[in-house]
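Enquirer: Sequence plus predicted model, see below.
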Amino acid sequence: MSMKLRRLPRAATAGLVAAAALTAAAHSAEAADTLGSAAAGQGRYFGTAVAASHLGEADYTATLDREFSSVTPENEMKWDATEPSRGTFTFTSADRIVDHAQSRGMDVRGHTLVWHSQLPSWVSSLGASGLRTAMKDHINGLMGHYKGEIHSWDVVNEAFQDGGSGARRSSPFQDKLGDGFIEEAFRTARAADPAAKLCYNDYNTDGVNAKSDAVYTMVKDFKSRGVPIDCVGFQSHFNSNSPVPSDYRQNLQRFADLGVDVQITELDIEGSGSAQAADYRKVVEACLAVDRCTGMTVWGVTDKYSWRSGGTPLLFDGNYQEKPAYDAVLSALGGSDGPGDPGDPGDPGDATVTCTATYTRTADWNSGYNGQVTITAGDEPVSAWTVTVTLPAQQSVSSLWNGTPTWSGNVMTVRPSWNGTLAAGASTGFGFTAAKNGSDAAPTLGTCTAS
Ligand code: G2I
(Lines give C-alpha, C1' and ligand atoms only; values in the text may rest on other atoms or scores of the structure.)
Protein backbone atom coordinates (compact mmCIF):
# COMPACT_ATOMS: atom_id res chain seq x y z
CA MET A 1 0.00 0.00 0.00
CA SER A 2 1.36 3.48 -0.80
CA MET A 3 0.41 5.45 2.21
CA LYS A 4 1.93 8.78 3.13
CA LEU A 5 2.80 9.27 6.77
CA ARG A 6 1.71 12.62 8.09
CA ARG A 7 4.52 14.71 9.51
CA LEU A 8 4.86 14.02 13.22
CA PRO A 9 5.17 17.64 14.43
CA ARG A 10 1.65 18.35 13.12
CA ALA A 11 -0.14 17.46 16.34
CA ALA A 12 2.25 19.53 18.44
CA THR A 13 1.79 22.53 16.13
CA ALA A 14 -1.98 22.18 16.32
CA GLY A 15 -1.77 22.32 20.10
CA LEU A 16 0.15 25.59 19.98
CA VAL A 17 -2.34 27.11 17.58
CA ALA A 18 -5.21 26.07 19.83
CA ALA A 19 -3.52 27.71 22.81
CA ALA A 20 -2.99 30.90 20.80
CA ALA A 21 -6.66 30.92 19.80
CA LEU A 22 -7.74 30.59 23.43
CA THR A 23 -5.55 33.52 24.43
CA ALA A 24 -7.00 35.63 21.66
CA ALA A 25 -10.54 34.74 22.78
CA ALA A 26 -9.74 35.78 26.35
CA HIS A 27 -8.71 39.23 25.12
CA SER A 28 -11.97 39.89 23.33
CA ALA A 29 -14.40 39.25 26.16
CA GLU A 30 -16.68 42.05 24.99
CA ALA A 31 -17.20 40.66 21.50
CA ALA A 32 -20.32 38.66 20.65
CA ASP A 33 -20.33 35.03 21.65
CA THR A 34 -20.09 32.52 18.84
CA LEU A 35 -21.54 29.05 18.60
CA GLY A 36 -18.13 27.58 19.41
CA SER A 37 -17.37 29.86 22.34
CA ALA A 38 -20.86 29.53 23.83
CA ALA A 39 -20.74 25.72 23.51
CA ALA A 40 -17.28 25.71 25.10
CA GLY A 41 -18.84 27.53 28.04
CA GLN A 42 -21.07 24.45 28.41
CA GLY A 43 -18.15 22.04 28.03
CA ARG A 44 -19.23 21.04 24.52
CA TYR A 45 -17.92 21.46 20.99
CA PHE A 46 -20.04 22.99 18.23
CA GLY A 47 -19.06 21.77 14.80
CA THR A 48 -20.05 21.84 11.17
CA ALA A 49 -19.60 19.69 8.11
CA VAL A 50 -17.14 21.29 5.69
CA ALA A 51 -16.48 20.77 1.99
CA ALA A 52 -12.90 21.37 0.84
CA SER A 53 -14.17 22.86 -2.40
CA HIS A 54 -15.69 25.86 -0.56
CA LEU A 55 -12.65 26.79 1.52
CA GLY A 56 -11.57 29.30 -1.11
CA GLU A 57 -14.80 31.30 -0.65
CA ALA A 58 -14.04 34.18 1.71
CA ASP A 59 -17.50 34.41 3.35
CA TYR A 60 -17.68 30.64 3.82
CA THR A 61 -14.31 30.49 5.51
CA ALA A 62 -14.89 33.61 7.58
CA THR A 63 -18.15 32.16 8.94
CA LEU A 64 -16.57 28.77 9.55
CA ASP A 65 -13.58 30.23 11.34
CA ARG A 66 -15.61 32.61 13.45
CA GLU A 67 -18.35 30.28 14.65
CA PHE A 68 -17.26 26.65 14.86
CA SER A 69 -14.90 24.69 17.09
CA SER A 70 -15.00 21.34 15.28
CA VAL A 71 -15.24 20.29 11.64
CA THR A 72 -16.36 17.10 9.91
CA PRO A 73 -15.28 16.61 6.29
CA GLU A 74 -18.63 16.19 4.50
CA ASN A 75 -17.36 13.74 1.86
CA GLU A 76 -13.56 13.93 1.78
CA MET A 77 -12.79 11.10 4.23
CA LYS A 78 -15.26 8.63 2.71
CA TRP A 79 -13.97 5.46 1.08
CA ASP A 80 -14.54 6.58 -2.50
CA ALA A 81 -12.57 9.77 -1.83
CA THR A 82 -9.67 8.23 0.09
CA GLU A 83 -9.06 4.78 -1.42
CA PRO A 84 -10.56 4.86 -4.90
CA SER A 85 -8.48 1.87 -5.92
CA ARG A 86 -7.11 -0.79 -3.65
CA GLY A 87 -4.14 0.34 -1.58
CA THR A 88 -3.91 3.77 -3.22
CA PHE A 89 -4.80 6.36 -0.63
CA THR A 90 -5.50 9.96 -1.61
CA PHE A 91 -5.74 12.45 1.20
CA THR A 92 -5.39 15.76 -0.64
CA SER A 93 -8.91 17.10 -0.03
CA ALA A 94 -9.23 15.69 3.48
CA ASP A 95 -5.80 17.08 4.40
CA ARG A 96 -6.92 20.51 3.19
CA ILE A 97 -9.77 20.47 5.68
CA VAL A 98 -7.69 19.05 8.52
CA ASP A 99 -4.90 21.57 7.90
CA HIS A 100 -7.38 24.43 7.79
CA ALA A 101 -9.06 23.29 11.00
CA GLN A 102 -5.81 22.83 12.86
CA SER A 103 -4.47 26.20 11.81
CA ARG A 104 -7.56 27.78 13.41
CA GLY A 105 -7.49 25.64 16.55
CA MET A 106 -10.58 23.63 15.56
CA ASP A 107 -10.93 19.91 16.28
CA VAL A 108 -11.79 17.34 13.62
CA ARG A 109 -14.38 14.52 13.53
CA GLY A 110 -13.61 11.66 11.18
CA HIS A 111 -16.45 10.56 8.88
CA THR A 112 -16.59 7.69 8.00
CA LEU A 113 -14.64 4.42 7.81
CA VAL A 114 -17.10 1.60 7.05
CA TRP A 115 -20.31 2.52 5.19
CA HIS A 116 -22.33 0.89 2.44
CA SER A 117 -22.58 4.16 0.48
CA GLN A 118 -19.90 6.05 -1.44
CA LEU A 119 -18.12 2.73 -1.57
CA PRO A 120 -15.93 2.04 -4.62
CA SER A 121 -17.02 -0.90 -6.75
CA TRP A 122 -13.73 -2.72 -6.18
CA VAL A 123 -14.74 -3.15 -2.54
CA SER A 124 -18.21 -4.52 -3.30
CA SER A 125 -16.83 -7.08 -5.69
CA LEU A 126 -14.47 -8.73 -3.17
CA GLY A 127 -15.18 -12.10 -1.58
CA ALA A 128 -15.46 -12.47 2.20
CA SER A 129 -11.82 -12.88 3.04
CA GLY A 130 -10.62 -10.16 0.66
CA LEU A 131 -13.29 -7.84 1.98
CA ARG A 132 -12.29 -8.43 5.61
CA THR A 133 -8.67 -7.60 4.78
CA ALA A 134 -9.68 -4.57 2.71
CA MET A 135 -11.86 -3.25 5.52
CA LYS A 136 -9.04 -3.52 8.05
CA ASP A 137 -6.50 -2.02 5.63
CA HIS A 138 -8.85 0.88 4.99
CA ILE A 139 -9.34 1.56 8.69
CA ASN A 140 -5.60 1.34 9.32
CA GLY A 141 -4.84 3.54 6.31
CA LEU A 142 -7.19 6.37 7.35
CA MET A 143 -6.65 6.21 11.07
CA GLY A 144 -2.91 5.81 10.67
CA HIS A 145 -2.68 8.87 8.44
CA TYR A 146 -4.59 11.01 10.95
CA LYS A 147 -3.39 9.33 14.12
CA GLY A 148 -3.73 11.69 17.08
CA GLU A 149 -5.52 14.33 14.99
CA ILE A 150 -9.16 13.21 15.10
CA HIS A 151 -11.24 13.57 18.25
CA SER A 152 -13.94 11.09 17.21
CA TRP A 153 -14.28 8.68 14.31
CA ASP A 154 -17.51 7.37 12.84
CA VAL A 155 -16.13 3.85 12.58
CA VAL A 156 -19.32 2.29 11.22
CA ASN A 157 -22.12 4.32 9.65
CA GLU A 158 -25.77 3.37 9.02
CA ALA A 159 -25.54 -0.40 9.48
CA PHE A 160 -29.21 -0.80 10.49
CA GLN A 161 -32.34 -0.81 8.34
CA ASP A 162 -35.17 1.65 8.72
CA GLY A 163 -38.61 0.39 9.62
CA GLY A 164 -39.92 -1.76 12.38
CA SER A 165 -37.67 -4.79 12.22
CA GLY A 166 -34.47 -3.47 13.81
CA ALA A 167 -32.59 -5.68 11.32
CA ARG A 168 -29.15 -5.01 9.90
CA ARG A 169 -29.03 -3.29 6.54
CA SER A 170 -27.89 -5.33 3.59
CA SER A 171 -24.42 -4.21 2.45
CA PRO A 172 -21.29 -5.93 1.15
CA PHE A 173 -19.99 -6.00 4.75
CA GLN A 174 -23.18 -7.36 6.28
CA ASP A 175 -23.90 -9.80 3.48
CA LYS A 176 -20.40 -11.28 3.29
CA LEU A 177 -19.04 -10.92 6.86
CA GLY A 178 -22.26 -11.06 8.92
CA ASP A 179 -23.11 -9.10 12.09
CA GLY A 180 -19.53 -9.47 13.32
CA PHE A 181 -18.12 -6.93 10.84
CA ILE A 182 -19.07 -4.06 13.15
CA GLU A 183 -17.17 -5.53 16.06
CA GLU A 184 -14.16 -6.29 13.86
CA ALA A 185 -14.15 -2.73 12.59
CA PHE A 186 -14.20 -1.30 16.13
CA ARG A 187 -11.43 -3.60 17.36
CA THR A 188 -9.27 -2.68 14.37
CA ALA A 189 -9.98 1.02 14.93
CA ARG A 190 -8.98 0.91 18.60
CA ALA A 191 -5.61 -0.54 17.74
CA ALA A 192 -5.08 1.96 14.90
CA ASP A 193 -5.56 5.12 17.01
CA PRO A 194 -6.13 4.46 20.72
CA ALA A 195 -6.65 8.19 21.38
CA ALA A 196 -9.67 8.61 19.10
CA LYS A 197 -13.21 8.16 20.38
CA LEU A 198 -14.84 5.41 18.36
CA CYS A 199 -18.46 6.06 17.38
CA TYR A 200 -21.31 4.18 15.79
CA ASN A 201 -23.32 6.71 13.71
CA ASP A 202 -26.84 6.44 12.27
CA TYR A 203 -30.05 8.31 11.33
CA ASN A 204 -33.68 7.76 12.38
CA THR A 205 -32.29 6.59 15.69
CA ASP A 206 -32.89 9.97 17.32
CA GLY A 207 -36.00 8.90 19.25
CA VAL A 208 -36.88 5.62 20.92
CA ASN A 209 -37.96 3.27 18.10
CA ALA A 210 -37.22 -0.18 16.73
CA LYS A 211 -34.09 1.02 14.93
CA SER A 212 -32.62 2.82 17.93
CA ASP A 213 -33.60 -0.18 20.10
CA ALA A 214 -31.51 -2.39 17.82
CA VAL A 215 -28.52 -0.05 18.04
CA TYR A 216 -29.01 0.15 21.80
CA THR A 217 -28.94 -3.65 22.06
CA MET A 218 -25.74 -3.78 20.04
CA VAL A 219 -24.00 -1.09 22.15
CA LYS A 220 -25.09 -2.79 25.35
CA ASP A 221 -23.70 -6.07 24.07
CA PHE A 222 -20.42 -4.37 23.06
CA LYS A 223 -20.05 -2.80 26.49
CA SER A 224 -20.76 -6.08 28.26
CA ARG A 225 -18.19 -7.97 26.18
CA GLY A 226 -15.50 -5.27 26.16
CA VAL A 227 -15.77 -4.49 22.45
CA PRO A 228 -14.25 -1.00 22.19
CA ILE A 229 -16.95 1.62 21.57
CA ASP A 230 -16.88 5.14 23.05
CA CYS A 231 -19.75 7.02 21.48
CA VAL A 232 -22.94 6.89 19.49
CA GLY A 233 -23.65 9.53 16.87
CA PHE A 234 -27.21 10.68 16.25
CA GLN A 235 -27.31 12.24 12.81
CA SER A 236 -30.49 14.25 13.47
CA HIS A 237 -31.64 15.12 9.96
CA PHE A 238 -35.11 16.52 10.63
CA ASN A 239 -38.01 17.77 8.52
CA SER A 240 -41.79 17.58 8.60
CA ASN A 241 -41.74 13.85 7.82
CA SER A 242 -39.12 13.24 10.47
CA PRO A 243 -39.57 15.88 13.18
CA VAL A 244 -37.49 16.28 16.32
CA PRO A 245 -38.80 13.37 18.44
CA SER A 246 -40.47 14.26 21.72
CA ASP A 247 -38.31 11.65 23.45
CA TYR A 248 -35.05 12.88 21.92
CA ARG A 249 -33.44 13.70 25.27
CA GLN A 250 -34.61 10.45 26.87
CA ASN A 251 -33.14 8.51 23.96
CA LEU A 252 -29.77 10.28 24.23
CA GLN A 253 -29.84 9.64 27.96
CA ARG A 254 -30.52 5.91 27.71
CA PHE A 255 -27.49 5.49 25.45
CA ALA A 256 -25.37 7.63 27.76
CA ASP A 257 -26.48 5.40 30.63
CA LEU A 258 -24.83 2.47 28.84
CA GLY A 259 -21.50 4.20 29.46
CA VAL A 260 -20.87 5.81 26.06
CA ASP A 261 -20.71 9.45 25.02
CA VAL A 262 -23.41 10.66 22.69
CA GLN A 263 -22.88 13.23 19.94
CA ILE A 264 -25.25 15.00 17.58
CA THR A 265 -23.37 14.49 14.37
CA GLU A 266 -25.21 15.81 11.29
CA LEU A 267 -27.87 18.15 12.58
CA ASP A 268 -30.10 19.97 10.12
CA ILE A 269 -33.77 20.87 10.37
CA GLU A 270 -35.76 21.91 7.31
CA GLY A 271 -37.92 25.01 7.71
CA SER A 272 -37.55 28.67 8.50
CA GLY A 273 -38.30 31.38 11.01
CA SER A 274 -39.52 30.78 14.52
CA ALA A 275 -40.67 27.17 14.02
CA GLN A 276 -37.23 26.12 12.80
CA ALA A 277 -35.60 28.12 15.59
CA ALA A 278 -37.73 26.40 18.23
CA ASP A 279 -36.77 22.96 16.88
CA TYR A 280 -33.08 23.83 16.95
CA ARG A 281 -33.51 25.06 20.51
CA LYS A 282 -35.07 21.71 21.50
CA VAL A 283 -32.11 19.80 20.09
CA VAL A 284 -29.52 21.96 21.84
CA GLU A 285 -31.42 21.83 25.12
CA ALA A 286 -31.63 18.04 24.87
CA CYS A 287 -27.87 17.75 24.40
CA LEU A 288 -27.16 20.13 27.27
CA ALA A 289 -29.48 18.13 29.52
CA VAL A 290 -27.42 14.96 29.00
CA ASP A 291 -24.01 15.10 30.71
CA ARG A 292 -22.43 12.72 28.24
CA CYS A 293 -23.64 14.63 25.17
CA THR A 294 -20.21 16.02 24.33
CA GLY A 295 -20.97 18.09 21.27
CA MET A 296 -23.09 18.94 18.28
CA THR A 297 -22.30 19.23 14.58
CA VAL A 298 -24.56 20.88 12.02
CA TRP A 299 -24.42 19.40 8.53
CA GLY A 300 -23.04 22.43 6.72
CA VAL A 301 -22.30 26.13 7.12
CA THR A 302 -24.82 27.72 4.77
CA ASP A 303 -28.20 26.73 3.35
CA LYS A 304 -26.95 27.19 -0.19
CA TYR A 305 -24.53 24.24 0.03
CA SER A 306 -26.70 21.93 2.12
CA TRP A 307 -27.49 18.47 0.74
CA ARG A 308 -31.09 19.58 1.38
CA SER A 309 -30.62 23.17 0.22
CA GLY A 310 -34.28 23.41 -0.88
CA GLY A 311 -35.31 22.92 2.74
CA THR A 312 -33.04 25.73 4.06
CA PRO A 313 -32.11 23.54 7.05
CA LEU A 314 -29.04 25.31 8.46
CA LEU A 315 -28.15 28.25 10.73
CA PHE A 316 -26.84 30.66 8.08
CA ASP A 317 -28.76 31.63 4.95
CA GLY A 318 -27.25 31.69 1.47
CA ASN A 319 -25.73 35.12 2.19
CA TYR A 320 -24.16 33.94 5.47
CA GLN A 321 -26.64 35.94 7.51
CA GLU A 322 -27.61 34.51 10.88
CA LYS A 323 -31.11 33.04 10.81
CA PRO A 324 -33.53 32.96 13.76
CA ALA A 325 -32.34 29.37 14.23
CA TYR A 326 -28.82 30.72 14.83
CA ASP A 327 -30.06 33.08 17.53
CA ALA A 328 -32.02 30.26 19.17
CA VAL A 329 -29.01 27.95 19.23
CA LEU A 330 -26.72 30.67 20.55
CA SER A 331 -29.12 31.62 23.30
CA ALA A 332 -29.81 27.98 24.22
CA LEU A 333 -26.03 27.59 24.59
CA GLY A 334 -26.08 30.50 27.02
CA GLY A 335 -24.39 32.86 24.57
CA SER A 336 -25.44 36.30 23.50
CA ASP A 337 -25.14 38.11 20.25
CA GLY A 338 -23.18 41.28 20.94
CA PRO A 339 -23.09 44.53 19.04
CA GLY A 340 -21.45 44.65 15.65
CA ASP A 341 -21.61 40.90 15.08
CA PRO A 342 -20.65 40.47 11.42
CA GLY A 343 -23.39 37.92 10.77
CA ASP A 344 -26.25 40.06 12.06
CA PRO A 345 -28.79 41.11 9.46
CA GLY A 346 -28.56 44.89 9.28
CA ASP A 347 -26.18 44.91 12.28
CA PRO A 348 -28.37 46.19 15.10
CA GLY A 349 -25.40 47.90 16.76
CA ASP A 350 -25.95 48.35 20.48
CA ALA A 351 -29.73 48.20 20.36
CA THR A 352 -31.38 46.47 23.34
CA VAL A 353 -33.75 43.59 22.73
CA THR A 354 -36.96 44.13 24.71
CA CYS A 355 -40.49 42.79 25.01
CA THR A 356 -43.69 43.62 26.85
CA ALA A 357 -46.33 41.27 28.25
CA THR A 358 -50.02 41.85 28.89
CA TYR A 359 -52.59 39.59 30.52
CA THR A 360 -56.30 39.05 29.82
CA ARG A 361 -58.83 36.60 31.20
CA THR A 362 -60.40 35.03 28.13
CA ALA A 363 -62.90 32.66 29.78
CA ASP A 364 -64.39 32.39 33.24
CA TRP A 365 -66.50 29.84 35.10
CA ASN A 366 -67.28 29.02 38.73
CA SER A 367 -64.26 26.93 39.48
CA GLY A 368 -61.71 28.22 36.99
CA TYR A 369 -60.69 30.51 34.18
CA ASN A 370 -58.50 30.74 31.07
CA GLY A 371 -55.76 33.35 30.97
CA GLN A 372 -53.92 34.62 27.91
CA VAL A 373 -50.56 36.41 28.01
CA THR A 374 -49.57 38.39 24.93
CA ILE A 375 -45.89 39.07 24.32
CA THR A 376 -44.85 41.86 21.98
CA ALA A 377 -41.32 42.49 20.73
CA GLY A 378 -39.86 45.98 21.09
CA ASP A 379 -37.88 47.75 18.38
CA GLU A 380 -35.55 44.82 17.79
CA PRO A 381 -36.28 41.25 16.67
CA VAL A 382 -36.55 38.76 19.51
CA SER A 383 -35.14 35.23 19.46
CA ALA A 384 -36.26 34.17 22.94
CA TRP A 385 -38.46 35.62 25.69
CA THR A 386 -39.20 34.92 29.34
CA VAL A 387 -42.09 36.12 31.45
CA THR A 388 -43.12 35.26 34.99
CA VAL A 389 -46.70 34.85 36.15
CA THR A 390 -47.40 34.86 39.90
CA LEU A 391 -50.66 33.15 40.82
CA PRO A 392 -52.69 33.68 43.97
CA ALA A 393 -51.59 30.99 46.42
CA GLN A 394 -54.82 28.94 46.20
CA GLN A 395 -54.89 28.73 42.43
CA SER A 396 -53.29 26.01 40.32
CA VAL A 397 -52.65 25.74 36.59
CA SER A 398 -53.95 22.57 34.97
CA SER A 399 -52.73 23.18 31.43
CA LEU A 400 -50.68 25.64 29.43
CA TRP A 401 -50.28 25.97 25.66
CA ASN A 402 -47.86 27.73 23.30
CA GLY A 403 -45.29 28.12 26.07
CA THR A 404 -42.93 26.10 28.25
CA PRO A 405 -43.48 26.60 32.00
CA THR A 406 -41.20 25.92 34.94
CA TRP A 407 -42.45 26.32 38.51
CA SER A 408 -41.15 27.69 41.75
CA GLY A 409 -43.92 27.73 44.35
CA ASN A 410 -46.77 29.73 42.82
CA VAL A 411 -44.47 31.55 40.38
CA MET A 412 -44.59 30.20 36.87
CA THR A 413 -41.74 31.16 34.52
CA VAL A 414 -42.78 30.73 30.92
CA ARG A 415 -40.46 30.48 27.93
CA PRO A 416 -41.32 29.81 24.27
CA SER A 417 -42.28 26.44 22.91
CA TRP A 418 -42.32 26.98 19.12
CA ASN A 419 -42.83 30.74 19.28
CA GLY A 420 -39.56 32.26 20.52
CA THR A 421 -38.74 34.28 17.44
CA LEU A 422 -40.55 37.56 16.82
CA ALA A 423 -39.94 40.30 14.27
CA ALA A 424 -39.62 43.80 15.74
CA GLY A 425 -43.07 44.84 17.03
CA ALA A 426 -44.63 41.40 16.41
CA SER A 427 -46.68 39.53 19.02
CA THR A 428 -47.20 36.00 20.18
CA GLY A 429 -48.60 34.57 23.38
CA PHE A 430 -49.43 31.62 25.54
CA GLY A 431 -52.58 30.55 27.29
CA PHE A 432 -53.38 28.57 30.39
CA THR A 433 -56.26 27.14 32.38
CA ALA A 434 -56.28 27.76 36.14
CA ALA A 435 -58.41 26.32 38.95
CA LYS A 436 -59.58 29.05 41.33
CA ASN A 437 -59.77 26.90 44.47
CA GLY A 438 -61.72 29.68 46.16
CA SER A 439 -59.72 32.69 44.91
CA ASP A 440 -60.96 34.71 41.96
CA ALA A 441 -58.01 37.13 42.04
CA ALA A 442 -56.03 37.83 38.86
CA PRO A 443 -52.42 36.62 38.48
CA THR A 444 -49.69 39.27 38.25
CA LEU A 445 -47.13 39.45 35.48
CA GLY A 446 -43.42 40.04 35.99
CA THR A 447 -41.25 41.93 33.53
CA CYS A 448 -40.88 40.42 30.08
CA THR A 449 -37.24 39.83 29.19
CA ALA A 450 -35.98 39.03 25.70
CA SER A 451 -32.79 38.22 23.84
O1 G2I B 1 -27.10 12.22 3.05
C2 G2I B 1 -26.81 13.04 4.14
C3 G2I B 1 -25.80 12.41 5.07
C4 G2I B 1 -26.40 11.18 5.73
N5 G2I B 1 -25.46 10.59 6.68
C6 G2I B 1 -24.15 10.30 6.17
C7 G2I B 1 -23.55 11.50 5.46
O8 G2I B 1 -22.30 11.18 4.91
C9 G2I B 1 -24.48 12.03 4.39
O10 G2I B 1 -23.83 13.15 3.76
C11 G2I B 1 -24.12 13.34 2.41
C12 G2I B 1 -23.38 14.58 1.94
O13 G2I B 1 -23.87 15.69 2.63
C14 G2I B 1 -23.62 14.78 0.44
O15 G2I B 1 -22.78 15.84 -0.05
O16 G2I B 1 -23.71 12.23 1.69
C17 G2I B 1 -24.06 12.33 0.32
C18 G2I B 1 -23.75 11.05 -0.42
O19 G2I B 1 -24.26 9.94 0.22
C20 G2I B 1 -23.30 13.51 -0.32
O21 G2I B 1 -23.73 13.69 -1.64
C22 G2I B 1 -22.77 13.48 -2.62
C23 G2I B 1 -23.46 13.43 -3.96
O24 G2I B 1 -24.38 12.34 -3.93
C25 G2I B 1 -22.47 13.22 -5.03
O26 G2I B 1 -23.11 13.27 -6.29
C27 G2I B 1 -21.36 14.24 -4.96
O28 G2I B 1 -20.35 13.96 -5.88
O29 G2I B 1 -21.80 14.52 -2.63
C30 G2I B 1 -20.78 14.27 -3.55
C31 G2I B 1 -19.68 15.31 -3.37
O32 G2I B 1 -20.20 16.59 -3.55
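Expert: Right, received. Where do you want to start? Numbering: from 1, shown residues only.

Enquirer: Around the ligand, pick out the residues from this protein.
Expert: Residues of the chain found near the ligand (Cβ under 6 Å from any ligand atom) are 74, 75, 117, 118, 203, 235, 266, 307. For the C-beta atoms, the positions are set from N, CA and C on the backbone; glycine is no exception.

Enquirer: My guess is the fifth one contacts residue 239. True?
Expert: Which is residue 203. No - using Cβ atoms under 8 Å as the test, residue 203 is too far from residue 239 to be in contact (11.8 Å).

Enquirer: Now secondary structure too, for the residues of the chain next to the ligand, in a markdown table please.
Expert: Below are the residues of the chain next to the ligand laid out as a markdown table (DSSP: H, G, I helix; E, B strand; the rest coil):
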| residue | secondary structure |
| --- | --- |
| 74 | coil |
| 75 | coil |
| 117 | coil |
| 118 | coil |
| 203 | coil |
| 235 | coil |
| 266 | strand |
| 307 | coil |
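
Enquirer: Could you tell me which of the residues you listed count as buried?
Expert: By neighbour count, with 16 or more other Cβ atoms under 10 Å, the residues of the chain next to the ligand hold 74, 75, 203, 235, 266 as buried.

Enquirer: what ranges of this structure fall below the confidence cut-off?
Expert: 1-31, 339-351 (pLDDT under 70).

Enquirer: Mind doing that once more with 80?
Expert: For the chain, the stretches flagged by pLDDT under 80 are 1-31, 163-164, 338-352, 379.

Enquirer: Name the residue closest to the centre of it, please.
Expert: For the chain, the residue nearest the mean C-alpha position is residue 296 (3.3 Å; Cα atoms, centre = their mean).

Enquirer: Is that one within a helix or a strand, and which one?
Expert: strand 293-298 (DSSP states H and E).

Enquirer: check which helix or strand covers residue 372.
Expert: strand 368-377.

Enquirer: partner strands of that strand, parallel or antiparallel?
Expert: Strand 368-377 has these partner strands in its sheet, going by DSSP bridges: strand 355-365 (antiparallel), strand 427-435 (antiparallel).

Enquirer: Just the buried positions in that strand, please.
Expert: Applying 16+ other Cβ under 10 Å to strand 368-377 flags 368, 369, 370, 371, 372, 373, 375, 376, 377 as buried.

Enquirer: Run the chain-centre distance for it.
Expert: Here strand 368-377 is found 33 Å from its chain centre; the criterion is Cα atoms, centre = their mean, to the nearest Å.

Enquirer: Contact partners for residue 255?
Expert: Residue 255 is in contact with 216, 219, 232, 262, counting by Cβ atoms under 8 Å, 6 or more residues apart in numbering.
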